[in-house]
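> A structural model of the following input is requested.
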Amino acid sequence: MKPRLKQLAIHLARLAVIGVLVAWVLHGTDLSNLAVVGRRLLGHWGLAAAAIGVMMLQSPIGAVRWRMLLRVQGIDLGFFESLRLTFIGWFFNNWLPGSTGGDFVKAYYVAHLTHRKPEAVTVVFLDRFVGLAALGLMAGGALLAALHDPRIQAARIILLVFLAGILGGGTVYYNRRLRRVFRVDRVLARLPLRHVVEKVDRALLAYRGHKGTVAVAVLYSWGSQLVAILATWWLADALGSRAAWYHYFIAMPAIWLVWAAIPVPGGFGVAEAMMQALFSSAVLSGDVPPGDSPMPAADAAALALAMILAFRVVQLLVSLPGAYFYLARRTEVSAAEMAKEVQEG
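From the prediction side, this is the model:
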């Protein structure tokens, strides 16, 4: 199959997945209930404003973490340069979902600023990996507070599978003896673009001698994820949720991990379906007093959908500065060409 036809087929497949998921979400949601739930947010605008304010901290925290990881590769960006590129990447992820993700754009700019493309690309994607690993660990800690709650069973399975995979894979990759046992070097040598893979492998292995830096990066990741969970929690409370605090610390990481794993633009359909699955009537009703009835399933579906839509709107608003930073330094190279150059190593 020709490259263009193959790319078109991939895009069509992604759109088909989105269409199926969105149709499924809407089929189980009473849109009139969604309007009623949405009006509650206007009546609790203080919580909505607090959610926007706390989410504004996410980019500065992420910029510090990214800058730390870049330094291990000998790339020293100033804080404000790191912050600008972080905002640009976030803008692309939120406003222009598609094949050109914000990670590719960030990698392109760093590579051209430093002329160290393999290292720049490696750190951009390692930064994402560290964030996901930290997210799983944070949720794993929250699981301890809800060991006997049957309402988190689905989220528990997602998180435990992820943690087992990431801990097992990371141990094999970074342990010298296990690398030999599992012939990791031989496997990498057979991959396409072998010379690029070798450079990326060397860049990743450099962090084996910087465990303290990686540990601090995980702490910064927890700070970044904490503000996102708090924003979701406050928006949900404003909309009428009575879920316990630990549901947000367990369900939201599970949703974001699945969101990241399924390659559809912006996670549309995936996040909404996961939100309704993990924030069911039993969860959103909280601890129902004896004699009271839990929230009707239709109301719960509308509330869960309103929660993720409100979170998406907050993401859009707080990532808007990225548009200014991108336009202020825009080159003749399009975003799609940036992504292509990065992918080609």
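
> Which residues are in contact with Arg179?
When contacts are counted by CB atoms under 8 Å, 6 or more residues apart in numbering, Arg179 touches Val172, Tyr173, Asp185. C-betas here are computed from N, CA, C, even on glycine.

> what comes up buried for the helix or strand hosting it?
Assigning secondary structure by DSSP states H and E places Arg179 in helix 176-181. By 16 or more other CB atoms under 10 Å, the buried positions in helix 176-181 come out as Arg179.

> do the same with stretch 127-135
In stretch 127-135, counting by 16+ other CB under 10 Å, buried: Asp127, Arg128, Val130, Gly131, Leu132, Ala133, Ala134, Leu135.

> Would you reformat those as TSV and include pLDDT and distance to Phe79?
TSV is the format used below for these (pLDDT from 0 to 100; distance: CB to CB, whole Å):
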residue	pLDDT	distance to Phe79
Asp127	87	15
Arg128	84	20
Val130	89	18
Gly131	90	19
Leu132	88	24
Ala133	90	24
Ala134	92	21
Leu135	92	24
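
> among the residues you listed, which are in helices?
Counting by DSSP state H, the buried residues of stretch 127-135 place Asp127, Arg128, Val130, Gly131, Leu132, Ala133, Ala134, Leu135 in helices.

> residue ranges with poor pLDDT in the stretch 201-345 of the chain?
Of all residues in the stretch 201-345 of the chain, those with pLDDT under 70 make up the ranges 290-291, 330-345.

> where do the strands sit along it?
Remark: no strands are assigned in the stretch 201-345 of the chain by DSSP state E, counting those that start in this stretch.

> what packs against the longest helix seen in the chain?
Identified as the longest helix of the chain according to DSSP H is helix 211-239. For helix 211-239, the contact count by 3 or more CB pairs under 8 Å, 6 or more residues apart in numbering; DSSP states H and E identifies helix 31-43, helix 45-55, helix 58-72, helix 117-143, helix 245-261, helix 297-318 as packing neighbours.

> Can you tell me which of those helices is nearest to Asp237?
Between Asp237 and the helices and strands packed on helix 211-239, the shortest gap by CB to CB is with helix 45-55, which sits at 6.1 Å.

> With that, I have no additional questions.
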